[in-house]
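> Got a predicted structure here, sequence first:
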Amino acid sequence: MTRSKLDVRSGQYAGQLARGTFRLRFMRRFYDPAFQVESEALDRLEAIAWEAYEGSRKAPLTVKAGPGYADADYDMSVEWKETHDRLARAAEIQRQPGTRSRVLVIIGAARNDGTCPGEVSKSWRLAQIVRQEVESADMQADMLDLSRLTSEYQYQIHPCKGCVSTAMPLCHWPCSCYPNHSLGQDNDAMSEIYEQWVAAHGVILVAPTYWYQSPSVLKLMIDRLVCADGGNPDPTSTGGKDVKKAKKMEMDGWPYPKHLVGRAYGLVVHGDVAGIEDQRRALGDWLDWMGLVDAGASSRLDRYIGYYKPYATSHAELDQDTAVQEEVRNVARAIVNCVPRLRAGTWAPVAAGLHAPRPK
């Protein structure tokens with residue numbers, strides 16, 4: 001049988017959970033015996049949760065999309081629309097010439113002293129150096145500490161579901177996969193994180209190297225930012241998640257809009273034994289791909305701190321490494337120098353004016 005190129009392939013999903021399995025998983029959230037005084041209430045709540053799960057009530061509160069969307073009568077998630085509108089306002093303010101320059105400083109480590117490691121990360125300490133330099137230039141430093149995912153109650157970044165791999169227009173900007181209340185996939189931090197990226201004129205990412213790669217907290221954010229690179233700002237155009245509509249839209253011609261293009265970026269990647277260059281290159285390639293602008297060679301740094309020394313003394317090694325501290329300051333200084341010129345239109349990226357023959 002000859003398949004159409006736009007056929008929707010299926011058969012992987014195992015289907016909904018059995019009633020008993022669902023109940024076991026729901027009740028695990030109330031494992032603490034203190035909850036047992038409310039066992040009858042929990043039974044009632046579990047029945048409501050099962051009904052929502054069985055009926056796939058992803059977005060229980062909706063509003064008509066209204067003017068400006070392909071289908072004004074579409075029942076749109078209230079939460080998605082609120083996020084979309086916040087991003088639109090943040091983008092408008094970011095573009096205004098009189099707005100104070102903002103630099104988003106991202107701490108990509110999973111460690112902090114509020115959870116099992118019991119100690120701050122070196123990335124957090126380096127980010128404080130960055131913050132000082134940014135603020136000394138009278139720019140606003142917005143801090144995003146991704147270690148909150150490991151230490152803060154119900155602060156989560158849910159994994160990317162890979163909509164873009166089916167068809168780019170199926171990947172909505174901002175992401176519409178979450179929250180999904182029928183699956184208990186709520187408290188998604190990306191709504192706030194998208195707004196921080198949109199509001200920024202520059203981004204400086206500080207991250208350690210875990211097993212040759214970016215820490216999982218950082219990778220979760222990276223994957224969920226795929227919608228910023230080619231994502232569809234109008235979920236009504238695909239009828240929500242109508243796969244066939246999305247495939248047709250891409251084949252009819254999709255512009256792959258870059259929603260974060262033109263912001264400056266800097267990188268600080270550190271490690272103790274191996275892998276820092278590969279991670280720094282991968283992060284730089286990712287940011288380049290999204291259309292962000294590097295601020296020159298001094299804005300991209302990879303360094304070992306306490307090379308092959310014990311983990312227990314790593315903070316002491318950082319204390320003594322005044323050279324790496326100064327190099328981190330230089331990353332921040334490069335961004336501070338670049339941002340005003342980018343905003344004024346006097347910083348010309350090397351690829352300015354070039355047409356991408358493969359706009360994906």
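Cool, got the structure.
> low pLDDT regions in the chain?
Where the chain drops to pLDDT under 70, the residues are 1-2, 350-353.
> For the chain, which segments are assigned as helices?
19-28, 39-54, 78-95, 122-136, 148-151, 190-199, 216-224, 243-253, 276-289, 314-320, 322-344 (DSSP state H).
> and the angle from the fourth one to helix 322-344?
To tie it back to what came earlier, the one meant is helix 122-136. 50 degrees (axes from the mean of the first three to the mean of the last three CA atoms, to 10 degrees).
> and Ile193, what does it touch?
Leu144, Ile157, Met221, Arg224 (CB atoms under 8 Å, 6 or more residues apart in numbering). Every residue, glycine included, has its C-beta placed from N, CA and C.
> could you dump the residues you listed to TSV with neighbour count and distance to Trp197?
What follows is the contacts of Ile193, written out as TSV (neighbours: other CB atoms under 10 Å; distance: CB to CB, whole Å):
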residue	neighbour count	distance to Trp197
Leu144	20	9
Ile157	23	13
Met221	22	9
Arg224	23	11
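> which of those residues lies closest to Tyr212?
Met221 (18.7 Å; CB to CB).
> quick one: that closest one and Met190 touch, right?
Yes - assessed by CB atoms under 8 Å, Met221 is found in contact with Met190 at 7.4 Å.
> Need the residues touching each of those two.
Common neighbours of Met221 and Met190 (CB under 8 Å, 6+ apart) are Ile157.
> How about the contacts made by the residue most central in space within the chain?
Centroid-nearest residue in the chain: Met221, 3.0 Å away (criterion: CA atoms, centre = their mean). Met221 makes contact with Ile106, Leu146, Ile157, Met190, Ile193, according to CB under 8 Å, 6+ apart.
> Report how many residues lie close to the fourth one.
Which is Met190. Counted by other CB atoms under 10 Å, the residues lying close to Met190 total 22.
> show me what contacts it?
Met190 sits in contact with Ile157, His158, Pro174, Cys175, Tyr178, Met221, Arg224, where contact means CB under 8 Å, 6+ apart.
> Mind doing that once more with 7 Å?
Counting by CB atoms under 7 Å, 6 or more residues apart in numbering, Met190 touches Ile157, Cys175, Arg224.
> Glu317 too?
By CB under 7 Å, 6+ apart, the contact set of Glu317 is Ile305, Gly306, Lys309.
> Could you export those residues as a markdown table, including neighbour count and distance to Lys81?
Shown next, in a markdown table, are the contacts of Glu317 (neighbours: other CB under 10 Å; distance: CB to CB, whole Å):
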| residue | neighbour count | distance to Lys81 |
| --- | --- | --- |
| Ile305 | 20 | 45 |
| Gly306 | 21 | 48 |
| Lys309 | 14 | 51 |
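> which among these gets closest to Pro169?
Looking across these and measuring by CB to CB, the closest to Pro169 is Ile305, at 43.7 Å.
> so the closest one makes contact with Lys122?
Yes - Ile305 lies in contact with Lys122 (CB atoms under 7 Å); the separation is 6.2 Å.
> so what's in contact with these two at the same time?
Common neighbours of Ile305 and Lys122, counting by CB under 7 Å, 6+ apart, are His270, Ser314, Leu318.
> Return the distance of stretch 216-228 from the chain's centre.
4 Å (CA atoms, centre = their mean, to the nearest Å).
> Repeat that for stretch 296-303.
Relative to the centre of its chain, stretch 296-303 is centred 22 Å away, using CA atoms, centre = their mean.
> Next, the distance between the ends of that stretch.
17 Å (CA to CA, to the nearest Å).
> Check stretch 48-59 too.
First-to-last distance for stretch 48-59 - CA to CA - comes to 15 Å.
> Asp142 and Ser101 touch, don't they?
No - using CB under 7 Å, Asp142 is not in contact with Ser101, being 11.0 Å away.
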